[in-house]
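**Student:** sequence plus predicted model, see below.
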Amino acid sequence: MLEPIIEIIGVEKSFKKGDRQELLVLQDINLKIYEGEIIAILGKSGSGKSTLLRIIAGLIQASSGEIHYRGQSVIRPARGISMVFQTFALLPWLTVLQNVELGLEALGVDRDERRERAIKAIDMIGLDGFESALPKELSGGMRQRVGFARALVVNPDVLLMDEPFSALDVLTADNLKSDLMDLWQSKKTGLNAIVFVTHSIEEAMMIADRVIVFNSNPGLIRSDLKVTLPFPRSDLDPRFRNQVDRVYTLMTTQLQQARMQEDGNHIIDIGYRLPEASVAEVTGLLELLYSPEHQGTMDLPDVADTLTLDIDDLFPLTELLEILRFAKVSKGDITITEEGEKFVDADILDRKKIFSIHLKKYVPLARYINDQLIRHPRHRALEEHFLSLLEDYLSEEEAERVLRTVIEWGRYAELFAYDYSSGVLSLENPD
């Protein structure tokens with residue numbers, strides 16, 4: 001049996017929630033990464049993917065469990081492991097060459113060798129001629145290339161990448177991915193493994209040999225999928241589309257299993273982590289589904305392609321549609337319900353009424369806020385009252401996001417009004 005380059009054993013990570021209980025971010029992560037592999041870690045935002053990457057890099061410590069690199073325990077940044085971040089993280093007062101040299105300088109490499117290796121890395125990553133440029137002179141794609149050069153110049157054994165393409169436009173990201181794959185396959189870099197975090201199913205399937213699918217809240221490994229498609233891969237290849245459909249089906253099934261009643265509908269309580277999706281997005285997707293072209297049903301990958309959405313945008317939207325009973329998701333497909341059709345067919349005012357009815361019926365937090373305002377003699381309440389309630393279930397940041405989201409829905413439905421400057425909620429039309 002091959003020995004793994006990196007072995008993750010029973011890793012868990014919790015963060016303090018002020019004076020309240022700890023927030024469990026990662027739970028019982030066990031994973032082996034072998035030589036010659038590209039591993040994609042795929043999951044929604046907040047599933048702990050980036051946290052795990054930082055633990056592997058030795059940048060933060062796990063609450064429990066162990067990380068082994070080449071048989072040695074990782075408790076601090078290890079030589080042989082480099083990381084590329086989502087943000088470019090360049091020092092703006094240093095040139096491209098000086099930014100790339102930073103890691104070598106920290107390792108105590110002498111000036112002449114440092115300069116030679118940095119120039120070679122800059123040439124390899126396609127930035128020859130820009131050595132003296134400052135970051136402000138570069139495009140986003142060029143700045144990320146500097147980040148890659150800085151990670152590669154130390155001759156790493158393992159390269160970690162935290163959503164390295166997400167801040168780039170589609171064409172720039174595709175070019176950079178293609179160049180990275182060329183470097184990997186040419187074996188010019190000395191890399192023996194790549195681990196990258198993404199929330200794009202297509203990106204994971206295009207690059208990776210294995211895709212690790214994460215559950216959320218807390219983050220744990222749902223599936224470890226081997227991708228056997230030959231390189232170069234094409235998103236037009238039916239085999240590629242089948243693999244993408246497989247992951248969409250897996251991830252939507254995972255989401256449903258976490259919150260189903262016996263009747264197949266979502267069950268949520270007042271402290272549920274509501275999805276962040278707008279009424280405009282809900283309306284747009286329902287209209288798309290109901291159009292003659294689709295006749296009420298679409299594959300989720302087709303929805304993502306048509307609306308240019310990744311899973312962090314798509315899944316909250318489909319989740320809200322299911323919560324409100326406007327659509328059903330099953331086996332990677334989404335189908336509009338009879339209630340969803342009524343919503344689409346209605347005029348603007350009737351849509352508000354339908355949305356209001358469903359919001360009160362199926363979202364306990366919206367119903368609770370509305371009930372509290374009805375009972376109050378002046379039909380008013382401070383948002384702090386509801387934030388305090390939510391913080392019994394969620395982190396402070398999540399509580400603020402959930403309340404902000406439900407306020408947006410409630411204002412559209414005319415269940416209540418909100419004054420931003422005072423933080424006061426009130427009935428839209430008090431009796």
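**Tutor:** That came through, no problem. Numbers count the residues shown, from 1 in each chain.
**Student:** now do the strands in the stretch 1-150 of the chain.
**Tutor:** Counting by DSSP state E, counting those that start in this stretch, one finds strands in the stretch 1-150 of the chain at the ranges 6-16, 22-33, 37-42, 64-69, 72-73, 81-84.
**Student:** distance between the longest one and the chain's centre?
**Tutor:** What separates the centre of strand 22-33 from the centre of its chain is 16 Å, taken as Cα atoms, centre = their mean, to the nearest Å.
**Student:** what does the shortest one give?
**Tutor:** Between the mean C-alpha point of strand 72-73 and the mean C-alpha point of its chain there is a distance of 29 Å (Cα atoms, centre = their mean).
**Student:** neighbouring strands for that strand, and are they parallel or not?
**Tutor:** Looking at strand 72-73 with DSSP bridges, its partner strands are strand 64-69 (antiparallel).
**Student:** and the angle for the strand it pairs with with strand 6-16?
**Tutor:** 140 degrees (axes from the mean of the first three to the mean of the last three Cα atoms, to 10 degrees).
**Student:** save the strands of the stretch 1-150 of the chain as JSON lines, and put in mean neighbour count too.
**Tutor:** (C-beta placed from N, C-alpha, C; glycine too.) Converted to JSON lines, those look like this (neighbours: other Cβ atoms under 10 Å):
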{"stretch": "strand 6-16", "mean neighbour count": "18"}
{"stretch": "strand 22-33", "mean neighbour count": "18"}
{"stretch": "strand 37-42", "mean neighbour count": "24"}
{"stretch": "strand 64-69", "mean neighbour count": "17"}
{"stretch": "strand 72-73", "mean neighbour count": "10"}
{"stretch": "strand 81-84", "mean neighbour count": "24"}
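**Student:** JSON lines please, covering these and showing distance to Gly58 and mean pLDDT.
**Tutor:** Below are the strands of the stretch 1-150 of the chain laid out as JSON lines (distance: least, Cβ to Cβ, whole Å; pLDDT from 0 to 100):
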{"stretch": "strand 6-16", "distance to Gly58": "11", "mean pLDDT": "87"}
{"stretch": "strand 22-33", "distance to Gly58": "15", "mean pLDDT": "85"}
{"stretch": "strand 37-42", "distance to Gly58": "17", "mean pLDDT": "92"}
{"stretch": "strand 64-69", "distance to Gly58": "8", "mean pLDDT": "90"}
{"stretch": "strand 72-73", "distance to Gly58": "10", "mean pLDDT": "88"}
{"stretch": "strand 81-84", "distance to Gly58": "7", "mean pLDDT": "86"}
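**Student:** which one of those strands lies nearest to Asn242?
**Tutor:** Asn242 lies closest, by Cβ to Cβ, to one member of the strands of the stretch 1-150 of the chain: strand 37-42, at 16.8 Å.
**Student:** partners of that closest one, with directions?
**Tutor:** strand 193-198 (parallel), strand 210-215 (parallel).
**Student:** can you pull the contacts of Glu281?
**Tutor:** Counting by Cβ atoms under 8 Å, 6 or more residues apart in numbering, Glu281 touches Leu317.
**Student:** what does Ile6 give?
**Tutor:** Leu31, Lys32, Ile33, Ile56, Ile67, His68, Tyr69, Val158, Ala193, Val195.
**Student:** cutoff 10 Å now
**Tutor:** Counting by Cβ atoms under 10 Å, 6 or more residues apart in numbering, Ile6 touches 31-34, 37, 39, 56, 67-70, 74, 78, 81, 157-158, 160, 193, 195.
**Student:** same question for Pro4.
**Tutor:** Contacts of Pro4 by Cβ under 10 Å, 6+ apart are Leu31, Lys32, Ile33, Tyr34, Glu35, Glu37, His68, Tyr69, Arg70, Gly71, Ala193.
**Student:** one more pass at 7 Å, please.
**Tutor:** By Cβ atoms under 7 Å, 6 or more residues apart in numbering, Pro4 lies in contact with Lys32, Ile33, Tyr34.
**Student:** so which of the strands paired with strand 37-42 is the most packed in?
**Tutor:** Stretch with highest mean neighbour count among the strands paired with strand 37-42: strand 193-198 (a mean of 24; mean count of other Cβ atoms under 10 Å).
**Student:** leaving out the residues flanking it, which one is nearest to the residue nearest to the spatial centre of the chain?
**Tutor:** By Cα atoms, centre = their mean, the chain has its centre lying nearest to Ser45, at 3.2 Å. Nearest residue to Ser45, sequence neighbours excluded (Cβ to Cβ, 6 or more residues apart in numbering): Asp312, at 4.9 Å.
**Student:** and the one you found, how many residues sit next to it?
**Tutor:** 15 (other Cβ atoms under 10 Å).
**Student:** now Asp235
**Tutor:** Using other Cβ under 10 Å, Asp235 has 12 neighbouring residues.
**Student:** specify the beta-bridge partners of the spatially closest residue to Ile81 that is not a sequence neighbour.
**Tutor:** Spatially, and ignoring its direct neighbours in sequence, Ile81 is nearest to Val158 (4.8 Å; Cβ to Cβ, 6+ apart). Judged by DSSP bridges, the bridge partners of Val158 are Ile81, Ala193.
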